[in-house]
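Visitor: fold the following.
(one chain, ligands or ions: 1)
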Amino acid sequence: MKYFSTRGGMAPASYSEILLEGLATDGGLVVPETVPRVTPAQIESWRGLSYPELATEVLGLYATDISREDLSRMCHAAYSSENFVDAAIVPVTPLEGEISLVGLSEGPTLAFKDMAMQFLGQALEHVLSTADRALNIVGATSGDTGSAAEYALRGKAGISVFMLSPQGRMSDFQRAQMYSLTDENIHNIALEGVFDDCQNLIKALSGDLEFKREHDLGTVNSINLGRISAQMVYYFWAWLRATDAVAEAERATFEVSFTVPSGNFGNILSGHLARSMGLPIRRLVLAANENNVLDDFFRTGVYAPRAAAETYLTSSPSMDISKASNLERFIFDLLGRDPERLAAAWRELDETGQIDLTAELPRFVSEFGFESGTSTHADRVATIRSVFETTGTLLDPHTADGVKVAREHLEPGVPMLVLETAKPAKFPEIVFEATGERIGIPEHLDGLLELPQHVTDMGNDEAALRAFVAERATKR
Ligand SMILES: *Cc1c(COP(=O)(O)O)cnc(C)c1O
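Guide: Residues are numbered from 1 along each chain as shown. This next block holds a predicted model:
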């Protein structure tokens, strides 16, 4: 399997090669040359597999330049009981009526980013050691992504992590999670400034190609195809669990729908790919919060990213986006996987600030199964409350956005699987507002808040950051 760019300007590369790069060399996104098809019989033959075994099968269709033995070892190391609290790794639990929750937050940072990042950590270490290379991850985080990256890359050979976070803007829990790590290859930097200041410094360093090359800088952001491919696995897993009780004769064509709390369009894009591979998915329902550029897109066919100033801070913060980087991969498929049409669409975006695909709108549902909806703070609170009152289950605000939108898209006889993207313990304020319950941190993380913290305070100073990275970067 080879990979090339949505915009057509990159020589075909292997899975191992594209793991280290998020963006294609021509500014497009990396996509597989063809989407591998799986037959109903093949999916059925995976029914008895454990999660790491299933991951080996699904990822084996993409990571064709990594040996089966290595891939299996990596999947078992990533999806182990050391990293994931639930024995199933991804529990699928009935919630109400047709709706079940797909538990993607059993990992070390209590959010779904762990699902992809744990695999990526294994894969990067393997690829770097084979190629005798080093990688220094530089990133900015306001919470979830940074901690998931650190927990996946801690102690990995050949890799260091430099993570900027805005001083005083993270929750006590998030700070404790990241800053309590003692691994020598993890560097937390608390910057005097806001998230955008962190992001700007990272762009300045990564944009300096000489500095980037000299210090082997890289990122593990949500456009990384290693992450996208690892996320496909749980769509297969959830479909298999949802159909375990379906009569054997009916399974092959038994359709389920998914609702996905979405930000950068990474999670749901993996669902789109799984569906393209042949998994019987009826609808992929995108749930947005108040930052609903994507809901607008799926309802109107016009993609109009917003300015940072028009992006709200909400109570489901991991979905607060102004543009959705991964959408380019869906639009590529929508435009017949034609790099010229895709490049023209992105020129339109540069020139007019939007892409008008209203001519294609009917195909969004009929061909690709996409629907969408929006959920607000009041919806989140009401959903957390009603689910708690009727089932006793506490939801985090992102998953609540998902359940709210899922309820509006139910169809009789079609199971609706809502992806649970975080644990409520990460967001105690809204849980308290909705239910009056004071939720503590999970038992297995008892004592986390009291651990000594390791963090370097830094002014908003590019020269200081450069010196810091240059001095501590892992060398080849
Ligand atoms: C990252 C994140 C999302 C959004 O996922 P995308 O892949 O960016 O669409 C939703 N919920 C939580 C809790 C997240 O951490």
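
Visitor: tell me if the host helix or strand of L124 is near the ligand.
Guide: In the assignment (DSSP states H and E), L124 maps to helix 113-131. Yes. Using C-beta under 6 Å from any ligand atom, helix 113-131 reaches the ligand at K113. In short, each C-beta sits where N, CA and C put it, glycine included.

Visitor: after that helix comes which helix or strand?
Guide: Downstream of helix 113-131 (by DSSP H and E), the next one is strand 135-140.

Visitor: extract the C-alpha set from that next one and format it as PDB.
Guide: Below are the C-alpha coordinates for strand 135-140, written out as PDB (Å, rounded to 0.1, in the frame of the first residue of the first chain):
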ATOM      1  CA  LEU A 135      12.200  12.600  16.300                       C
ATOM      2  CA  ASN A 136      11.500  15.600  18.500                       C
ATOM      3  CA  ILE A 137       7.800  16.200  18.800                       C
ATOM      4  CA  VAL A 138       7.000  19.900  19.400                       C
ATOM      5  CA  GLY A 139       3.400  20.700  20.200                       C
ATOM      6  CA  ALA A 140       1.000  23.100  21.800                       C
END
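
Visitor: state the distance from E210 to the ligand.
Guide: In this view, E210 and the ligand are 31 Å apart by C-beta to the nearest ligand atom, to the nearest Å.

Visitor: contact partners of the helix or strand containing that residue?
Guide: Element membership for E210 (DSSP H and E) is helix 209-214. Contact with helix 209-214 is made by L205, S206, L217, R466, as judged by C-beta atoms under 8 Å, 6 or more residues apart in numbering.

Visitor: now, among those, which is nearest to S160?
Guide: L217 (10.1 Å; C-beta to C-beta).

Visitor: ok, E310 touching S322?
Guide: Yes. Between E310 and S322 there is a contact at 7.0 Å, judged by C-beta atoms under 8 Å.

Visitor: so these two - more neighbours on which side?
Guide: S322 (14 against 10; other C-beta atoms under 10 Å).

Visitor: now do the same contact list for the more buried one.
Guide: N291, V293, P305, R306, A307, A308, E310, T311.

Visitor: between those residues, which is nearest the ligand?
Guide: N291 (11.0 Å; C-beta to the nearest ligand atom).

Visitor: neighbours around that closest one, how many?
Guide: For N291, using other C-beta under 10 Å, the count is 21.

Visitor: is it in a helix, a strand, or coil?
Guide: Counting by DSSP: H, G, I helix; E, B strand; the rest coil, the backbone at N291 sits in coil.

Visitor: pop out the phi and psi values for it.
Guide: phi -90, psi 70 (degrees, to the nearest 10).

Visitor: pretty sure it sits against T311.
Guide: Yes. If you go by C-beta under 8 Å, N291 and T311 touch, sitting 5.6 Å apart.

Visitor: what sits in contact with each of the two?
Guide: D320, I321, S322.

Visitor: reformat the residues you listed as TSV; add distance to the ligand and pLDDT.
Guide: Shown next, in TSV, are those (distance: C-beta to the nearest ligand atom, whole Å; pLDDT from 0 to 100):
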residue	distance to the ligand	pLDDT
D320	10	88
I321	7	85
S322	12	83
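
Visitor: ok, those vs T259, which is closest?
Guide: Distances from T259 to the shared contacts of N291 and T311, taken by C-beta to C-beta, are shortest for I321, at 17.6 Å.

Visitor: wouldn't the closest one be in contact with E290 here?
Guide: No. I321 lies out of contact with E290 (C-beta under 8 Å); the separation is 10.9 Å.

Visitor: more neighbours: those two, which one.
Guide: I321 (21 against 18).

Visitor: any idea how many residues pack against the closest residue to F297 other than its chain neighbours?
Guide: Spatial nearest neighbour of F297, chain neighbours left out: Y303 (4.5 Å); criterion: C-beta to C-beta, 6 or more residues apart in numbering. Using other C-beta under 10 Å, Y303 has 23 other residues around it.

Visitor: same check on T182?
Guide: 11.

Visitor: also T383?
Guide: Using other C-beta under 10 Å, the number of residues around T383 comes to 23.

Visitor: ok and the lowest-mean-pLDDT helix or strand in the chain relative to strand 135-140, angle-wise?
Guide: Sorted by mean pLDDT, DSSP states H and E, the helices and strands of the chain end with helix 195-207, the least confident at a mean of 87. Per axes from the mean of the first three to the mean of the last three C-alpha atoms, to 10 degrees, the angle that helix 195-207 makes with strand 135-140 is 150 degrees.

Visitor: give me the low-pLDDT residue ranges for the chain?
Guide: Per-residue confidence for the chain (pLDDT under 70) gives these ranges: 21-22.

Visitor: who in it is up against the ligand?
Guide: 111-113, 144, 222, 261-267, 318-319, 398, 421-422.

Visitor: may I see the ChimeraX selection of the buried members of these?
Guide: A single ChimeraX command selects the buried members of these (16 or more other C-beta atoms under 10 Å):
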select :111,112,113,144,222,261,262,263,264,265,266,267,318,319,398,421,422
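
Visitor: quick one: which of the residues of the chain next to the ligand sit in strands?
Guide: P261 (DSSP state E).

Visitor: can you name the residue of the stretch 1-150 of the chain nearest to the ligand?
Guide: Closest point on the stretch 1-150 of the chain to the ligand, by C-beta to the nearest ligand atom, is D144, at 3.8 Å.

Visitor: that residue and S318: what is the separation?
Guide: As judged by C-beta to C-beta, to the nearest Å, D144 and S318 stand 5 Å apart.

Visitor: hey, what's in contact with both of those two?
Guide: A111, A422.

Visitor: please tell me I have it right and D65 contacts I18.
Guide: No. Proximity of D65 to I18 does not meet the contact threshold set by C-beta under 8 Å, at 10.4 Å.
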